[in-house]
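A.B. asks: prediction below, plus the sequence it came from.
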Amino acid sequence: MTRRLLFYLYGTPHMVGSLAALGGLALYFSGVIGSYWYLIVAGLYGAGALGWPSNREYHLRLDGEASTEEIREPLARVVKSVKGEIPEPIADKVQRIVASIEAVLPRLTHLGKAHHSAYTIRETALAYLPETLENYLRLPKAYRRFHKLEDGRTPQALLIEQLDILEQQMAQVADEVNRDDLDGLKAHGRFLKSRFASSDSFLS
């Protein structure tokens with residue numbers, strides 16, 4: 001089954017169309033409609049599927065050229081964008097990651113982009129976190145919760161795991177920034193890059 005077809009079958013338009021078609025079949029079996037019932041059922045499916053708004057587009061990827069001072073505002077937009085779109089406990093994780101990033105920004109302002117701690121935190125704020133969320137949110141809602149990936153997990157379970165990793169890593173990075181632990185920052189930077197700089201894992 002192609003990915004496009006799979007996304008369509010999990011999509012809300014298909015589900016709305018299917019419910020409308022089932023309503024048509026109920027009318028047929030109850031004797032309300034007779035001749036050309038199959039055309040009516042097909043028409044109801046089409047009306048339901050085509051009449052439902054297409055999936056919302058999400059654009060959470062941030063400007064990689066933003067200065068350290070400019071990171072706060074786009075991060076706040078990411079938090080706002082996911083509210084109501086993901087379960088509250090997961091949104092809380094996003095908020096805690098953002099809070100960890102914001103807590104160390106004052107220390108990074110004078111270091112410049114080339115400093116390893118600044119680079120690691122900038123990549124998390126401007127790439128790893130928003131891209132992970134965007135890749136997840138562009139999936140149909142039913143697919144996120146119920147589709148099983150190759151390892152048996154759902155995309156929602158995988159998102160929780162990835163956010164847990166980001167939350168733990170950012171808490172440790174914040175501590176290392178405060179202690180000027182350059183070796184620890186380099187190690188965490190390499191780990192985050194290996195885990196989050198690859199292709200979208202929600203489609204495996």
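C.D. replies: Now that the structure is in, tell me what you want to look at.

A.B. asks: how is this protein divided into domains?
C.D. replies: The domain map for the chain lists 3-51, 68-203, with the assignment taken from automatic domain parsing.

A.B. asks: let me know which of these is tucked in deepest.
C.D. replies: domain 68-203 (a mean of 17; mean count of other Cβ atoms under 10 Å). All C-beta atoms are positioned from the backbone trio N, CA, C, and that covers glycine.

A.B. asks: let me see the mean pLDDT of that domain.
C.D. replies: For domain 68-203, mean pLDDT is 80.

A.B. asks: start to end distance for stretch 125-144?
C.D. replies: End-to-end distance for stretch 125-144: 23 Å, by Cα to Cα, to the nearest Å.

A.B. asks: repeat for stretch 72-91
C.D. replies: Distance between the two ends of stretch 72-91: 17 Å, counting by Cα to Cα.

A.B. asks: mind checking how far residue 151 is from residue 131?
C.D. replies: Using Cβ to Cβ, to the nearest Å, we find residue 151 at a distance of 21 Å from residue 131.

A.B. asks: all strands for this protein, in order.
C.D. replies: Across the chain, reading from the start of the chain, there are no strands by DSSP state E.

A.B. asks: biggest helix in the chain by residues?
C.D. replies: Among the elements of the chain assigned as helix by DSSP state H, the one spanning the most residues is helix 155-179.

A.B. asks: tell me how far that one lies from the chain's centre.
C.D. replies: Taking Cα atoms, centre = their mean, to the nearest Å, one finds the center of helix 155-179 at 16 Å from the center of the full chain.

A.B. asks: what residues does it touch?
C.D. replies: Contacts with helix 155-179, where a contact means Cβ atoms under 8 Å, 6 or more residues apart in numbering, come from 86-87, 90, 93-94, 96-97, 100-101, 103-104, 107-108, 117, 120-121, 124, 128-129, 132-133, 136, 139, 143-145, 147, 149, 153, 181, 184-185, 188, 191-192, 195-196, 201-202.

A.B. asks: good, we can wrap up now.
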